[in-house]
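Asks: Kindly return the folded structure for what I paste below:
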Amino acid sequence: MSLILCPECNKEISDKVKSCPHCGYPFDDISLKNEPQKVEITSINFKPRNPRRIKTIIILILTLIVITAGILTIMFLKKIKREKEIYNTYIDNLKTISGEMLSGAGTAESICHLTAKVWQNTIYEESSYETDKYTQYEEKFTFSEGTWSRYNSDFNVSLSNLYTILR
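Replies: Numbers count the residues shown, from 1 in each chain. Reported below is the predicted structural model:
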């Protein structure tokens, strides 16, 4: 014989009794095998929720969604504005650099043409207002304290004169 708990009063009783001696709860063979009893639910009572509280929660959630969407929209618009400013600055810098490059190219072209003229006038001893100061030097003679111009014997001297002045 073993002791079990009465499902009704929770007191210890013998597993051989047909009813609880304390509360009179009847036992049959199924309950003695410790199998769960079959319970039939006749009705369920749910507490109705407060509709005002539900509306408040929904309004709060919608407000948070609208505020979040507004903040994200403002951040997105600021990002677009910042990117547009960066792009415009880039375009302005590009135009400035392009102008400076073209100006530098024009200056380089002028120097190259002048270098070619100095080189040619020194070799062929040709006179030109533009190149004489680089290709000729003055030499004094004693007859009447006069001077005449002579061409440099080496075109490298003329080019050196040119680049010394250009610096």
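Asks: Show me which residues of stretch 65-79 are buried.
Replies: In terms of neighbour count (16 or more other C-beta atoms under 10 Å), stretch 65-79 has no buried residues at all. Yep, even glycine has a C-beta here, placed from its N, CA and C like the rest.
Asks: same thing with stretch 47-61?
Replies: Under 16+ other C-beta under 10 Å, stretch 47-61 has no buried positions.
Asks: can you give me the helices for the protein?
Replies: For the chain, helices defined by DSSP state H occupy the ranges 29-32, 51-124, 132-135, 155-166.
Asks: Switch the ones you listed over to JSON lines; also include mean pLDDT and distance to Ser2.
Replies: Converted to JSON lines, those look like this (pLDDT from 0 to 100; distance: least, C-beta to C-beta, whole Å):
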{"stretch": "helix 29-32", "mean pLDDT": "48", "distance to Ser2": "10"}
{"stretch": "helix 51-124", "mean pLDDT": "94", "distance to Ser2": "53"}
{"stretch": "helix 132-135", "mean pLDDT": "88", "distance to Ser2": "129"}
{"stretch": "helix 155-166", "mean pLDDT": "88", "distance to Ser2": "119"}
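Asks: ok, and which of those helices has the densest surroundings?
Replies: helix 132-135 (a mean of 21; mean count of other C-beta atoms under 10 Å).
Asks: tell me what it is packed against?
Replies: helix 51-124, helix 155-166 (3 or more C-beta pairs under 8 Å, 6 or more residues apart in numbering; DSSP states H and E).
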